[in-house]
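1. below are the sequence and a predicted model; questions follow.
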Amino acid sequence: RASPTSRKRGFLNCCHGTGRWRACKQPLEPYAARKTRAPAVLSGCLHQARRKARACLDALGTCALNSLADNEAVLFADAVHPTHAARPAGCWAPSHEKLAIEQTSGRERINIHGAIDLATGQTRMIEVITVDAVSTIRLLESIEALYPMLVLIHVFLENARYHHARLVQQWVARPGCRIKLHFIPAYCPHLNPIERLWGLMHRNVTHNKCYATCAQFADATLGFLRENVPQNWADLCDSVTDNFRIINPKDFRVVT
């Protein structure tokens with residue numbers, strides 16, 4: 001970490017190859033001119049971020065699962081791009097044994113646009129070529145088809161540009177649309193439980209596992225998200241929801 005004196009001399013750049021930090025010797029007149037306005041701008045940004053976070057939390061509170069009407073539902077949506085490659089992860093093994101994981105020859109990836117209902121564990125996962133406004137509309141259509149009898153479906157999304165696209169706005173504004181979109185503030189992934197579902201998917205599909213082809217990898221990933229998660233939601237929900245986690249002693253190894 002640089003000293004306060006070096007920070008005053010200029011921005012810090014990393015010296016490639018040495019891992020050290022040095023002060024930039026470029027003129028800093030433009031930066032010095034902006035420095036007087038920085039506190040006001042920063043204060044405004046923080047105020048705006050707090051306001052957006054509060055609005056999102058208020059919406060989450062309004063849509064709390066224990067206060068929903070019988071004809072409403074809440075889903076959390078996002079996109080994920082898993083790569084066809086083995087991901088080494090920690091595991092228990094005898095110290096004298098050497099472990100190795102077979103690797104794939106390429107690094108293709110699949111694009112999944114999905115949503116999950118935390119109350120039931122039902123998921124909607126579609127594989128797309130590109131995650132964009134069209135895939136967003138396809139996902140929302142599949143969500144509506146999943147709940148044909150509901151009057152209102154709340155969908156919480158991140159602030160990706162394709163979620164705000166004009167095509168999506170027009171689709172939601174059409175008469176008879178039963179979906180209401182709520183946007184999670186930027187840099188707040190902890191407010192979207194589906195992020196933890198992606199981590200659960202990696203632990204069960206990609207960690208310490210190798211698939212010969214990308215098609216096999218896609219089948220395993222989509223099969224877990226579409227079938228295993230809803231069928232085993234009673235066991236998996238504690239790893240995804242915001243409720244208190246249930247720690248099972250059987251899942252841990254006691255070292256004596």
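-> That came through, no problem. Numbering: from 1, shown residues only.
2. stretch 112-129: which residues count as buried?
-> Using 16 or more other C-beta atoms under 10 Å as the test for burial, stretch 112-129 gives 112-118, 121-126, 128. In this view, the C-beta of every residue, glycine as well, is placed from N, C-alpha and C.
3. partners of the top strand by length along the chain in the sheet?
-> Ranked by number of residues, the top strand in the chain under DSSP state E is strand 72-80. Partner strands and pairing direction for strand 72-80 (DSSP bridges) are strand 111-116 (antiparallel), strand 152-157 (parallel).
4. give me the below-cutoff pLDDT ranges for the stretch 51-200 of the chain.
-> 51-67, 105 (pLDDT under 70).
5. tell me where it has helices.
-> Counting by DSSP state H, counting those that start in this stretch, the segments of the stretch 51-200 of the chain that form helices are 133-146, 166-173, 194-205.
6. picking that back up, closest one to Ala89 out of the buried residues of stretch 112-129, please.
-> Ile112 (20.6 Å; C-beta to C-beta).
7. who are the contact partners of that closest one?
-> 79-82, 125-128, 221-222, 225 (C-beta atoms under 8 Å, 6 or more residues apart in numbering).
8. can you report how many residues lie near Glu227?
-> 12 (other C-beta atoms under 10 Å).
9. torsion angles phi and psi at it?
-> Per-residue torsions, Glu227: phi -110, psi -50 (degrees, to the nearest 10).
10. just checking, Tyr162 touches Asp132?
-> Yes. Tyr162 lies in contact with Asp132 (C-beta atoms under 8 Å); the separation is 4.7 Å.
11. leaving out sequence neighbours, find the closest residue to Leu68.
-> Taking C-beta to C-beta, 6 or more residues apart in numbering, and ignoring the residues beside it in sequence, Leu68 has Val74 as its nearest neighbour in space, at 6.7 Å.
12. how much space separates that neighbour from Thr241?
-> Distance of Val74 to Thr241, computed by C-beta to C-beta, to the nearest Å: 12 Å.
13. before we move on, what about Phe156?
-> 14 Å.
14. list the residues that contact both of those two?
-> By C-beta under 8 Å, 6+ apart, no residue touches both Phe156 and Thr241.
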